[in-house]
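Asker: Starting from these lines, generate the structure:
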Amino acid sequence: QVQLVESGGGLVQPGGSLRLSCAASGSTFSRYGLGWFRQAPGKEREFVAAVTTSGDVTHYADSLKGRFTISRDNAKNTVYLQMNSLKPEDTAVYYCAADSGAIRTTPVTWAYWGQGTQVTVSS
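Answerer: Next up, the predicted model:
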């Protein structure tokens, strides 16, 4: 099993940036693909980005390409989400997820989840 703890959320103005972190513990971090999802009020949880075990391959939601960047540091057991040019519609709770299987964009296919961190984009 793996435990995930997100941090780095907060209030940011439109056009600003935030970097989310997700620290993992409890199992061999490098065995897991890692992903970020988000859920806005009244909406379903949606895929944001994912990275494979080695960090060589990344996947993004089409609408977020160019603004968001996922990366991982296996030495620190941490995955990051750099978010730039933030918009009010990016407001959501952001969740980190891990799974030992193939990368998929469907939340139900991911085995482990963090508790989420709130990101609010507002002036």
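
Asker: Quick one: residues contacting the residue nearest in space to the middle of the chain.
Answerer: Residue closest to the average C-alpha location in the chain (C-alpha atoms, centre = their mean): residue 36, at 2.3 Å. Residue 36 is in contact with 20, 22, 48-50, 68, 70, 79, 81, 94-97, counting by C-beta atoms under 8 Å, 6 or more residues apart in numbering. Where you see a C-beta, it was placed from the backbone N, CA and C, and this is true even at glycine.

Asker: mind redoing it with 6 Å?
Answerer: For residue 36, the contact set (C-beta atoms under 6 Å, 6 or more residues apart in numbering) comprises 48, 49, 81.

Asker: For the second one, which non-adjacent residue is closest in space?
Answerer: Right, the one you point to is residue 49. Leaving aside its chain neighbours, residue 49 sits nearest to residue 70 (4.0 Å; criterion: C-beta to C-beta, 6 or more residues apart in numbering).

Asker: What ranges does the chain have for its strands?
Answerer: Secondary structure of the chain by DSSP state E: the strands cover 3-7, 10-12, 18-25, 33-39, 46-51, 58-60, 68-73, 78-83, 92-99, 112-113, 117-121.

Asker: What angle do strand 33-39 and the fifth one make with each other?
Answerer: The directions of strand 46-51 and strand 33-39 differ by 160 degrees, with axes from the mean of the first three to the mean of the last three C-alpha atoms, to 10 degrees as the criterion.

Asker: contact partners of strand 46-51?
Answerer: 34-38, 58-61, 68, 70, 72, 103, 105.

Asker: average pLDDT for stretch 61-74?
Answerer: Computed over stretch 61-74, the mean pLDDT rounds to 94.

Asker: Need the residues that contact it.
Answerer: With C-beta under 6 Å, 6+ apart, stretch 61-74 has contacts from 29-30, 34, 47-49, 51, 55, 58, 79-85.

Asker: Show me which of these are buried.
Answerer: Applying 16 or more other C-beta atoms under 10 Å to the contacts of stretch 61-74, the neighbour count classes 29, 34, 47, 48, 49, 51, 58, 79, 80, 81, 83 as buried.
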